[in-house]
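Chemist: for reference, the sequence and a predicted model appear below.
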Amino acid sequence: MKYTRILPLLFVSLFFGLSLRAEWSLYDGFDYNTKLLDGADGGVGSWTSYWRRSGAGGVELKSPTFTYKDRSGKSLNVLGEYTSVKGATTAGTYRDFEAIEAGNDEPLVMWVSFLASAEGGPFDASGDEVSLQLRSPENVDWVTFGVMGRLDAWRIRLSNGSQKKFTEGASGIYTNDVNFFVARIEVDTREGKSDSVFLWINPLLGRQPDDSAAALKVDGEDIWKPNAPVKFTRMRIGTINSEDPEDKALLFDEIRIGASFQEVAPEK
C-alpha cells in the first residue's frame, strides 16, 4: 500500500483536514496498490482492523479517484482510487474502529461523509439494498445511508435494535451519479431528549450547511431511549440481497468520520 496510519499526525491533520482534538477521526481514500480491498489497512485515524470480506466480498479498487466540486468551484480534498462492489448476492466489506458512543451526561455529535453512486434500484425485494451502515459491537445497523427496497432514491434508515425508521427518498438526485454525502448524527440518550440525523447531498464546501438545506432528515425523535448503550464500532459498505438474486452495485470513495463539518469536508 502507498499510505498507512503511521504517517505523522501533523501531516495527516494538515492534508486531510482531520482535527487533532477528535480522537475518533477516521479517513480512507483507498490509496492502495492492490486490486481487491480485502485485507487493506490504510487510511488514517482510529481504525482498529483491516477491511474484511462481507458476504461474497469482491470489492475492487479502480482508478481514477472520485472527485467533487461544489457550485462555487471549490473542490474536495481527495486521494487514491475508488471502490466498487457489483453482483446479485450480498457482498461488500466492513472495518472496525474505536468505539464512538453517546454518554449519559452529554449528546454525541458525529459527522460522516462519503462519495458514492448506487446502481440497480429500485429492487424487487423490500429487503434488498446498497448502503453504508454504521453498526454496533453486536452488529446492529444503527444508521444506514443507501438505496433500499422498491424506491430508487437515497434514504436514511435508523434502528434501535427492535424498531426501524425510514425517511422518504431524496428528490432531484440521480442514484447512479456520483454524489457527495455529508451527515450529522446526534444521539442524546438523556431523559426527555431527542435524536436527529441530517443528510446533505452535494453541499457547498467551506462552511457548515444550514439544517434547512438538508436533503433528508430525522429530527426531534426519541430513536435511542434513555441510557441506551448506543456505540458505533463498525462500518459496513456494500450490497444486501434478501430474496432472488438481483443485480446491484455500489461505488464509493473518500470516507470520513469526524466531530465537525470541516473535518469531513476539507477543501483541496
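Modeler: Sure thing, it's come through.

Chemist: any idea how far Ala259 is from Leu216?
Modeler: Distance of Ala259 to Leu216, given as CB to CB, to the nearest Å: 21 Å. Bear in mind the C-beta positions are built from the backbone N, C-alpha and C, glycine included.

Chemist: of the two, which one has the most company?
Modeler: Leu216 (22 against 19; other CB atoms under 10 Å).

Chemist: if I pick that one, what's in contact with it?
Modeler: Contact criterion CB atoms under 8 Å, 6 or more residues apart in numbering gives 154-156, 167-168, 170, 198-199, 201 as the residues in contact with Leu216.

Chemist: same thing but 7 Å
Modeler: Shown in contact with Leu216 (CB atoms under 7 Å, 6 or more residues apart in numbering): 155-156, 167, 170, 199.

Chemist: only whichever of those residues are buried, select them in PyMOL.
Modeler: The following PyMOL line selects those of the contacts of Leu216 that are buried, judged by 16 or more other CB atoms under 10 Å:
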select buried, resi 155+156+167+170+199
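
Chemist: how about Pro203, nearest residue that isn't a chain neighbour?
Modeler: Closest residue to Pro203 apart from its sequence neighbours, by CB to CB, 6 or more residues apart in numbering: Pro209 at 4.5 Å.

Chemist: just the element for the one you found, please.
Modeler: Counting by DSSP states H and E, no helix or strand carries Pro209.

Chemist: do the same with the one 10 residues further on
Modeler: Taking DSSP H and E as the definition, one finds Asp219 inside strand 216-221.

Chemist: buried residues in that strand?
Modeler: Result for strand 216-221 [16+ other CB under 10 Å]: buried residues 216-218.

Chemist: can you list the strands that it pairs with?
Modeler: Here strand 216-221 is paired, per DSSP bridges, with strand 195-201 (antiparallel).

Chemist: show residues contacting the partner strand.
Modeler: Strand 195-201 is contacted from outside by 143, 145, 154, 156, 158, 170, 173, 179, 181-188, 209, 211, 213-224, using CB under 7 Å, 6+ apart.

Chemist: and Val109, how far from Lys193?
Modeler: Here Val109 is placed at a distance of 13 Å from Lys193 (CB to CB).

Chemist: err, Gly80, not the other one
Modeler: Distance from Gly80 to Lys193, by CB to CB: 39 Å.

Chemist: what about those two, which has more around it?
Modeler: Gly80 (22 against 14).

Chemist: without its sequence neighbours, what residue ends up closest to Val143?
Modeler: In space, Val143 is closest to Leu134, 4.5 Å off (CB to CB, 6+ apart).

Chemist: for the helix or strand containing that neighbour, give the mean pLDDT please.
Modeler: Per DSSP H and E: Leu134 is located in strand 129-135. Averaging pLDDT along strand 129-135 gives 98.

Chemist: same question for the helix or strand following it, mean pLDDT?
Modeler: Heading C-terminal from strand 129-135, the first helix or strand you meet, by DSSP H and E, is strand 141-148. Strand 141-148 shows a mean pLDDT of 98.

Chemist: now the angle between strand 129-135 and strand 141-148, please.
Modeler: When axes from the mean of the first three to the mean of the last three CA atoms, to 10 degrees is applied, the directions of strand 141-148 and strand 129-135 differ by 170 degrees.

Chemist: the helix or strand just after strand 141-148 pairs with which strands, parallel or anti?
Modeler: Using DSSP H and E, the helix or strand that follows strand 141-148 in sequence is strand 154-159. Its sheet considered, strand 154-159 pairs with strand 141-148 (antiparallel), strand 164-166 (antiparallel) by DSSP bridges.
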